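# model the structure of this input:
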Amino acid sequence: MRLLHNQIQPYPWGSTTAIAELTGQTNPVGTPQAELWMGAHPAAPSAVDTPEGRLPLTELIAAEPNAQLGAASLKHFGTRLPFLLKVLAAQKALSIQLHPTRAQAQAGFAAEEARGVPRGAAERVYVDDWPKPEILCALTRFEALAGLRPAAEAGRALDGLGVPALAPIAAELAADPRPETVAHALATLLSWPVADRAELVAQVVAAATWAAVKPGEFARAYDAVRRISADHPGDIGLVCSLLLNHLVLEPGQALFMGAGGVHAYIHGTGIELLANSDNVIRAGLTPKHIDIPELLRVLDPAVTVPVLAARQESPGVEVYDTPVPEFRLRRLTVDGEPVAVPGDGEPRIILCVGGEAEVRQGDDDDEVLALASGASCFLAAEDSPVRVTGRATLFLASPGQLS
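Numbers count the residues shown, from 1 in each chain. Down below sits the predicted model:
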């Protein structure tokens, strides 16, 4: 068991206060703090203390792969820790995006490597050969766009603005109410002539601002367009957002984003657990490259983005069921009685999000780590049995079902 020393990503969409408040630290400069990363991502690995000094977790795993990862994880994923745990704090909207399957990622990465596309190039789509499913569990109320709307509903959302240029798209959605029609509408908007794009977006934002104050089916979605426009002025993704389901998660609810499901985070703080990959295919609300043909190839318009509730697994342990091998997310609630930490023989990360806890290994408490809010630790596969005491709420990240 080792305490983690983690890195914060200062992306411009991040909150200036949320991560600092969670960790009990200050942010004197007031710069955005978007994500707190916990894991062994090559770009920003957590660090651990060893007798030889502080080391990146990537180096500890490379030196002792079997002890740190265990046989099952090594067999399925090699020496890569398969998941990355984050605290995500969005003050501004992130890009509309989706992620590939493992087969798509492997093929896309190999193709770009063969073409000699530099990995840092703006037009590069696949920066590694891994999939990137993810789960987001809300710590605060969390606003998001998740999955394409049913075609008829998407048509009504566009038609309700009364913007003449959108009328043909709305009519097509009404006449041919299939998921593929919504995908075609998305492609049409992303391909809108550059010379006419600013006018269309301005008309949509103006109409949405007016429509948001009236009771109606899409009032909240229209208001989101109004608010997001302040951060992404003139972006065609503002129009595209109306093709997606708009929702607000309450604390404890979660979204699972499988391959091919389009989504965007708008505002809030949550726990994000994802496969250890950077593969993002963007579809708006971004100045970055949008590869429309690849987007449409990877997009599965029929994929839903389900809202999940935690399921009681054992005393003090709840699990969010997700159908991927790279990760599993659990929530631990400790209130005086010890809680057994599941996952013996697996690599795990524990993050405390409230209260104070002690993580104890061995029947005689051979090792004890104290965790306050915002603190985290890495449990190696060889660390067992482990239990948690105190009064706290924690999240546990581990591999998913590997058999």
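
# and the closest residue to Ala18 other than its chain neighbours, what element?
In this structure, Ala18 finds its nearest non-sequential neighbour in Ala89, 3.7 Å apart by C-beta to C-beta, 6 or more residues apart in numbering. For the C-beta atoms, the positions are set from N, CA and C on the backbone; glycine is no exception. Using DSSP states H and E, the element containing Ala89 is strand 83-90.

# need the next SSE after that strand, C-terminal direction.
Remark: after strand 83-90, the chain's next helix or strand is strand 97-98, criterion DSSP H and E.

# distance from the chain centre to the helix or strand following that following strand, please.
Going down the chain from strand 97-98, the next helix or strand is helix 102-115, by DSSP H and E. Computed by C-alpha atoms, centre = their mean, to the nearest Å, the chain-centroid distance of helix 102-115 equals 22 Å.

# list the buried residues of helix 102-115.
102, 104-106, 108-109, 112 (16 or more other C-beta atoms under 10 Å).

# ok, back up a step: can you name every helix or strand that the strand holding Ala89 contacts?
With contacts defined as 3 or more C-beta pairs under 8 Å, 6 or more residues apart in numbering; DSSP states H and E, strand 83-90 has these neighbours: helix 18-23, strand 35-39, strand 263-275, strand 348-361, strand 386-398.

# now it against strand 386-398, angle please.
Interaxial angle, strand 83-90 versus strand 386-398 (axes from the mean of the first three to the mean of the last three C-alpha atoms, to 10 degrees): 80 degrees.

# how many other residues sit next to Asp321?
17 (other C-beta atoms under 10 Å).

# my guess is it contacts Ala309. True?
No. Assessed by C-beta atoms under 8 Å, Asp321 is found out of contact with Ala309, at 9.6 Å.

# mind listing the helices for the protein?
Listed in chain order, the helices of the chain (DSSP state H) span 18-23, 57-63, 65-77, 102-115, 151-159, 167-175, 179-190, 194-211, 219-229, 237-240, 292-298.

# from the contact counts, what lies against the longest one?
Packed against helix 194-211, as judged by 3+ C-beta pairs under 8 Å, 6+ apart, are the following elements: helix 219-229, helix 237-240.

# need the winner for burial among those helices.
helix 237-240 (a mean of 25; mean count of other C-beta atoms under 10 Å).

# avg pLDDT for that one?
Helix 237-240 carries an average pLDDT of 97.

# just confirm Gly39 contacts Leu84, I think it does.
Yes. Assessed by C-beta under 8 Å, Gly39 is found in contact with Leu84 at 4.2 Å.

# report the set of residues contacting both of the two.
Counting by C-beta atoms under 8 Å, 6 or more residues apart in numbering, the residues touching both Gly39 and Leu84 are Asn276.

# so Ala185 makes contact with Pro168?
No. Ala185 is beyond contact range of Pro168, at 9.9 Å (criterion: C-beta under 8 Å).

# more neighbours, those two?
A direct count of neighbours by other C-beta under 10 Å for Ala185 and Pro168 places Ala185 higher, at 27 against 12.

# still on that earlier bit, so how far is Cys352 from the residue nearest to Ala18?
For Ala89, the distance to Cys352 (C-beta to C-beta, to the nearest Å) stands at 16 Å.

# then His184?
His184 sits 46 Å away from Cys352, going by C-beta to C-beta.

# now do Ala207
With C-beta to C-beta as the criterion, Ala207 and Cys352 are 46 Å apart.

# quick one: low-confidence ranges for the stretch 201-350 of the chain?
Nowhere does the stretch 201-350 of the chain drop to pLDDT under 70.

# now with 90, please.
Along the stretch 201-350 of the chain, segments meeting pLDDT under 90 span 287-290, 304-306, 336.
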